[in-house]
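Asker: With the sequence up front, the predicted model follows.
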Amino acid sequence: MADLSLAKPAQTSAASRGSSLLSMLWRDKLAFVSALVLLLIILCALLGPTLLDDLATRQNLRGRNFPPFSLDRGWAFILGGDSLGRPMLARLIVAANSTILIAAGTVLSAMIVGAGLGLVAGYMGKNISQAIMRLADVIMSFPSLLLAVVVLYVLGPSIPNMILVLAITRIPIYLRTTRAEVLEVRERMFVQAAIVMGAGHWRIILKHILPVVAPTLVTIATLDFAFVMLAESSLSFLGIGVQPPDITWGLMVSQGRPYLNTAWWLAFWPGLMIVITALALNLLSNWMRVALDPAQRWRLEARKTKNV
Amino acid sequence: MTKMIGQRAIASLLSLLGLMVLVFFLSRLTGDPAVLFLPIDATEQMKQEFRALHGLDLPLIEQFGRYLLDLLQLDFGESLRKARPAIDVVLEAYAWTLPLALITMSLVVVFAIILGSLAAFNVGGFFDRLISVVSLVGASAPDFWIAIVAIVVFAIGLGWVPTSGVGTPLHWVLPVAVLFIRPFGLVVQIVRGSMLSALSAPYVKTARAKGVKNLPLIFVHTLRNGMLPVITVIGDQAAAMLNGAVIVETIFGFPGIGKLMIDSILQRDFNVVLAAIMVTAIAIFIMNILIDLAYGLLDPRIRH
Amino acid sequence: MSEALLTVKNLSVDFHTAGGTVHAVKNVNWSIAPGETLAILGESGSGKSVSANAVMNLLDRPPAEIVSGEILFEGRDLLKISDEDHRALNGKKIAMIFQDPLGHLNPVYTVGWQIMEMMTAHGRPASAARARALELITRVGIPEPEKAMGKYPHQFSGGQRQRLMIAMALMLKPDILIADEPTTALDVTIQAEVLSLLKELQRETGMALVLITHDLGVVAEIADRVVVMNSGEIVEAGTARDVYHNPRHAYTQKLIAAAPGKGDIKLLDDAAPLLLEAKKLNKTYGEFAALKDVSLTLARGQSLAVVGESGSGKSTLARTLLRLETADSGEAFWKGRDLISMNARDLLGCRREIQMVFQDPTQSLNPRMSVYQLIAEGWDIHKLMPNRSERRARVLELLEQVGLSPEHADRYAHQFSGGQRQRIAIARALALEPELIICDEAVSALDVSIQAQVIALLDSLRQRLGISFLFIAHDLGVVRDFADTVIVMKSGEIVERGPTRQIFETPEHPYTQRLLAANLDPDPDVQAQRRIILSNG
């Protein structure tokens, strides 16, 4: 009898589910390389400042605008020297720290606030929902440049303030997505089934709705991480973002701009770092969209069990 | 239809009003224009006179009340920087931004639809992969960096186009090209995905069972359905462009609304900032109505 | 039998999917003669549509691959001719209609244009196409044909859309019409109308009809011959009568035995105490009245069926009793206390006593919870069974009770078949030891053979545990087997109520009579008998 045939063997524990996710990642080479690149960049961001801070800040007027691809001044100058004779490579690694910190802080805080408000807006009645959405509209249309100037002027330049500016502009993305998903998920049969069993609001939101919405949020967050990096670099480039002596890749591009004619590498390398990081994030997010969808993921897992 | 537009106009107006309040009061936190506009050695008396002249000495709430009253008579105030009506300054800048947005978006729409559809018909093929790579790289590159690299290569290195400014059609090439990249990458992916799902829709099966030829199958049965999700994304992108391309306009010295915005903010020219926000809001409102009209034109289910 | 018009010979088709190669059909043989009706009968996943799609060149290759076989039509092998030649044949010589006419009609073009396209695509002038389309739209019984031409698919009802599909298929007077589950999504009365329309048109035009279906009743009503398919193979072939009365293959025998509506009708136990009593429930959505003064009573251990077609308000009734919807007015007493006006805390207590089994278990089971978590969730909510090992033991016991095994406890819903999933949903309902289980079309998404198993399971639970059932269904056969009282609903109103035997044997209300007449019996002889009665009276 088809009905009583045994179900397919299952991955049960969280550990084996994690390893199956890893082996799915291994199968998609592009996503795998992206993950490796990101891991490397995160390592640089974590360890860079402690290891290289001295090297990256020591000025050396003899090495001003030292051209790249030469080992005459040591490995640190392989990518050239900047306008104050500091090695580009070391500066890039140190700048990774603030760049990643700002992007991660922004994405995390925007996601928590946005998803929280989105859950409430999607689950609660029409009036609260409307009020929250109008607020999001206003935030959405508030010029981010003005916001940056206001925060810069009133609160002063600092990395946490930068995160504040960027996070405010990103909240509506998470809010809208979460709300739209919640509106759809809460009509699903298993949520109705939970209501019939007597589940309260918190249980329904946390146990039934959030786990379904979470993969979408993670996917968007990955993509958004790249976007925030670009936004931060744009603001820094315009002079209303991160201020020296803090340093990010975006600020480095902006600082290298006056030397375009004579020393192209000052602006080129940090820009390339942004492109590489954003590209890796985009690729990983594309993979996640498939891997975190339970229906599609099941297909990927099925392929594994059949082939091995 | 008119009722729908009316309701939306009221909702937008409320949002705009909220935004105006926020902008008006927050922007005053960013310092005293009198300090910025007058020479460093200006006396306190000169500053007082400057403030009195521009109504900056009144309590904030009164300033806002006066501003709203003037606004009702379509007086947007004066630009401190240019000593001309703020609205004239803004409209002048818009006269540059509008064609820039129009040209870029038209190119985006045409290329994205053609190339995205071709990629969908050739799923997994060389062309499909090429489009994916191009759109991903485009979405991952900061536009100021592309702009800088483009200037180094095409303006300084090869000397094909001028580095910045406006005047000849050649001046438009780089700004349009740089602005084109990101929306193109986004829209082409949406076109591809939506054409793919339209191609596997059941009504295409019906058409094949009817013996419809391939070309009408693609261009009559699928394209129109496939365009529906694309329109929304095009609308979002166009809205972003109407807000002005700050970076591109700054780098290429293009006197559009984006450049005006950043200059006015940096120099505390509040009236221009507020006028720019209002004009932009109206432009985006009109564009959203057009997008809805296009939607209704393509999909009878919306019309009924 | 006259000479075959279309012959499928030794056809084998594989599907290359991410999960490996699936042999969709293996060595399938069938043929059809002019004017004949052949039914291809099978449950989901049997491969019943594959050969028809191969005939129409509708298989996407890849993933499909035709491994062997030939399809002979007018002396040519359709598997060998060019796509262009095939295109010229499609619609003109062989036409096809589908299960879901809303999805299969292009939403952005008028139906008139789409029907005319059948002729214009084959090079006929638009004026001729227009005249023919009008003629056929009138023929299939669409009111105001001129106006209908200019309307879009979403502006018609499901039955009308299928009529329009039929009109479209007949534009070029094809020799063969392939109908893939043409009435599955329709209400029984509409199904009867569409089937009789198909038969009339077949008589008028002399076309051959290939009907793909899962429904023995449809076969009995319309087919001359039938081939029965199971997991890609034809297990039995013959005339419809022969196959029904003398099934040779075990699968066919099982399928026929599983057809609902054949068992003994249950008798009502009048002495049982009252459990639920609803009085004058009303619910409107805007202009639309979903419930109009609906009253009912249900005694302990009883099973009450609510029967009706789509839009009759039967699901709204269930949702209102469960407080998933708020009634506009009326009362519903659960053991003497009014569910409708009850506060949240009292309601929580009642929620434990009233459980629900939904139509589609794929959707009613949270995909991210294991079977154990699904079943145990109710205990978390109602703070029951705090002891973990006790819980585990009880879950395993429940799994066994619904016919699953203990090792299923740590798996996820997507790893089970449809029937198994519905068993999990039933186990979840049983976990709270309810006194009433409301089943909203609980078996209608399942294949017939599995449907019978689930009904048998519910019946045994009722006998062993004394649980009452409120059983919402549109399938009269299932209701006849399971219920001891029946309520018939139409447009939000109860038109008839009574013991099952009375409703099925001496229905009084014309609507109940129509409903029963439209319900197809799996026995071709019974259907033939009914047709005679209908045409005489």
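Answerer: Happy to help now that I have it.

Asker: Low-confidence regions, the chain specifically.
Answerer: This is for chain A. A:1-20, A:52-80, A:83-85, A:292-308 (pLDDT under 70).

Asker: if you could check chain C rather than the one you did, that'd help
Answerer: For chain C, the stretches flagged by pLDDT under 70 are C:1-2, C:18-19, C:263-264, C:266-271, C:534-537.

Asker: interface residues of it facing chain B?
Answerer: Contact residues (C-beta under 8 Å from any C-beta of the partner chain) of chain C with chain B: C:56-58, C:87-92, C:95-96, C:98, C:100, C:103-108, C:110, C:117-118, C:121-122, C:152, C:154-155, C:165, C:168. (Each C-beta comes from the backbone N, C-alpha and C, glycine too.)

Asker: One more pass at 7 Å, please.
Answerer: C:56, C:58, C:87-88, C:90-92, C:95-96, C:98, C:100, C:103-108, C:117-118, C:121-122, C:152, C:154-155 (C-beta under 7 Å from any C-beta of the partner chain).

Asker: Which of these fall within strands?
Answerer: C:Ala95, C:Met96 (DSSP state E).

Asker: Give me the buried subset of the residues of chain C next to chain B.
Answerer: In those, burial by neighbour count holds for C:56, C:58, C:87-88, C:90-92, C:95-96, C:98, C:100, C:103-108, C:117-118, C:121-122, C:152, counting by 16 or more other C-beta atoms under 10 Å in any protein chain shown.

Asker: can you pull out the helices in chain A?
Answerer: Counting by DSSP state H, residue ranges of the helices within chain A are A:14-27, A:29-57, A:88-123, A:126-141, A:144-155, A:159-185, A:189-197, A:201-203, A:210-238, A:249-256, A:265-291, A:294-307.

Asker: Quick one: residues contacting the residue in the stretch 51-200 of chain C that chain A sits nearest to.
Answerer: Of the residues in the stretch 51-200 of chain C, the one nearest chain A is C:Pro63, at a distance of 12.5 Å by C-beta to the nearest C-beta. Contact partners of C:Pro63, counting by C-beta atoms under 7 Å, 6 or more residues apart in numbering or on different chains, are C:Phe15, C:His16, C:Thr17.

Asker: Kindly indicate the member of the residues you listed with the most neighbours.
Answerer: Compared across the contacts of C:Pro63, C:Phe15 has the highest neighbour count, 20 neighbours, by other C-beta atoms under 10 Å in any protein chain shown.

Asker: Using the three-state scheme, assign that one.
Answerer: Classification of C:Phe15 into helix, strand or coil gives strand, according to DSSP: H, G, I helix; E, B strand; the rest coil.

Asker: in which helix or strand would I find the nearest residue to it once chain neighbours are set aside?
Answerer: Distances taken as C-beta to C-beta, 6 or more residues apart in numbering or on different chains place C:Val22 nearest to C:Phe15, at 4.5 Å, with adjacent residues excluded. Counting by DSSP states H and E, the element that carries C:Val22 is strand C:20-32.

Asker: Buried residues, that strand. List them.
Answerer: For strand C:20-32, a neighbour-count test (16+ other C-beta under 10 Å) marks C:Ala24, C:Val25, C:Lys26, C:Val28, C:Trp30, C:Ser31, C:Ile32 as buried.

Asker: From the chain's centre, how far out is stretch B:201-218? Work that out for me.
Answerer: For stretch B:201-218, the distance from its own C-alpha centre to the chain's C-alpha centre is 38 Å (C-alpha atoms, centre = their mean, to the nearest Å).

Asker: wait, does it make contact with chain C?
Answerer: Yes: contact of stretch B:201-218 with chain C is found when judged by C-beta under 7 Å from any C-beta, involving B:Pro202, B:Tyr203, B:Lys205, B:Thr206, B:Arg208, B:Ala209, B:Lys210, B:Gly211, B:Val212, B:Lys213.

Asker: Just give me the neighbour total for residue 207.
Answerer: If you meant another chain, say so; for now it's chain A. Taking other C-beta under 10 Å as the definition, A:Lys207 ends up with a neighbour count of 18.

Asker: not quite, I wanted chain C
Answerer: C:Met207 sits with 23 neighbouring residues when counted by other C-beta under 10 Å.
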